[in-house]
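Student: structural data only, the sequence is not supplied:
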């Protein structure tokens, strides 16, 4: 799952939620130096990712991504955040939720590694979590992911092109999400 889903799947603990959301921005060699609640959030993030990446429904979504198999995990994560946005069921509006989450992250900068703070600032300033609901926003998010991958590997990748597959099989991806989400919620709760 991607950023928004990790936030929603967190318990009602600010620091655990922050750790869960920013876990991918924290260098592994710096995790042990963090506050115990931030570490619990990172552990939850990893548990959610393991469950998601090995689930047969998610695998069905991966199978839909012909030509994009190498990047199926991050693509499906972003697609599922899109459907989470469109099927928002929390008691507060999504923009209010994201505003509060961003404030929580900013209030915890002091306990996070510099690299994580830098990425988190960009995430907040560029409104990454506000962009999942529209295809234009998905394109921006995938474009950022392309640039990160290209910077790290010095190889050109095309993630934005996967949006055509999402559009062509939109109902299939949405059905996968709707079947999978309740199971993931139960798993994150420890059921």
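Tutor: It's in. Keep in mind it's a predicted model, so treat the numbers as computed, not measured. Numbering: from 1, shown residues only.

Student: for the helix or strand bottoming out on mean pLDDT in the chain, buried residues please.
Tutor: Every helix and strand of the chain was ranked by mean pLDDT, DSSP states H and E. The lowest is helix 135-153, at a mean of 90. By 16 or more other Cβ atoms under 10 Å, the buried positions in helix 135-153 come out as 137, 138, 140, 141, 142, 144, 145, 146, 149. No exception for glycine: its C-beta is placed from N, CA and C like everyone else's.

Student: and the next helix or strand after it, what does it pack against?
Tutor: Next in sequence after helix 135-153, counting helices and strands by DSSP states H and E, comes helix 162-168. Secondary-structure packing of helix 162-168 (3 or more Cβ pairs under 8 Å, 6 or more residues apart in numbering; DSSP states H and E): helix 72-86, helix 135-153.

Student: now what about helix 162-168, what contacts it?
Tutor: Here helix 162-168 makes contact (Cβ atoms under 8 Å, 6 or more residues apart in numbering) with 64-68, 71, 75, 79, 82, 135, 138-139, 142, 173.

Student: what average pLDDT does it get?
Tutor: For helix 162-168, mean pLDDT rounds to 97.

Student: any buried residues in it, and which?
Tutor: Buried residues in helix 162-168, counting neighbours by 16+ other Cβ under 10 Å, are found at 162, 163, 165, 166.

Student: got it, and stretch 68-79?
Tutor: Here stretch 68-79 shows 68, 71, 72, 74, 75, 76, 77, 78, 79 as buried, counting by 16+ other Cβ under 10 Å.

Student: the first one and residue 38, how far apart?
Tutor: Going back to what we said before, that points to residue 68. Between residue 68 and residue 38 the computed distance is 33 Å (Cβ to Cβ, to the nearest Å).

Student: just the last one next, same as before
Tutor: When distances are taken as Cβ to Cβ, residue 79 and residue 38 turn out to be 28 Å apart.

Student: would you state the strands of the chain in chain order?
Tutor: Ranges of strands within the chain: none, based on DSSP state E.

Student: where exactly do the helices run in it?
Tutor: For the chain, the helices defined by DSSP state H cover 3-8, 14-22, 36-53, 56-64, 72-86, 94-107, 114-125, 135-153, 162-168, 170-189.

Student: low-confidence regions, this structure specifically.
Tutor: For the chain, applying pLDDT under 70 flags the ranges 1, 191.

Student: okay, now residue 39: neighbour count?
Tutor: Using other Cβ atoms under 10 Å, residue 39 is surrounded by 18 other residues.

Student: tell me who's in contact with it.
Tutor: Residue 39 makes contact with 19, 31, 32 under the criterion Cβ under 8 Å, 6+ apart.

Student: what do you get for residue 133?
Tutor: Residue 133 makes contact with 82, 85, 86, 94, according to Cβ under 8 Å, 6+ apart.

Student: isn't the last one up against residue 87?
Tutor: No - counting by Cβ atoms under 8 Å, residue 94 stays clear of residue 87, with 10.5 Å between them.
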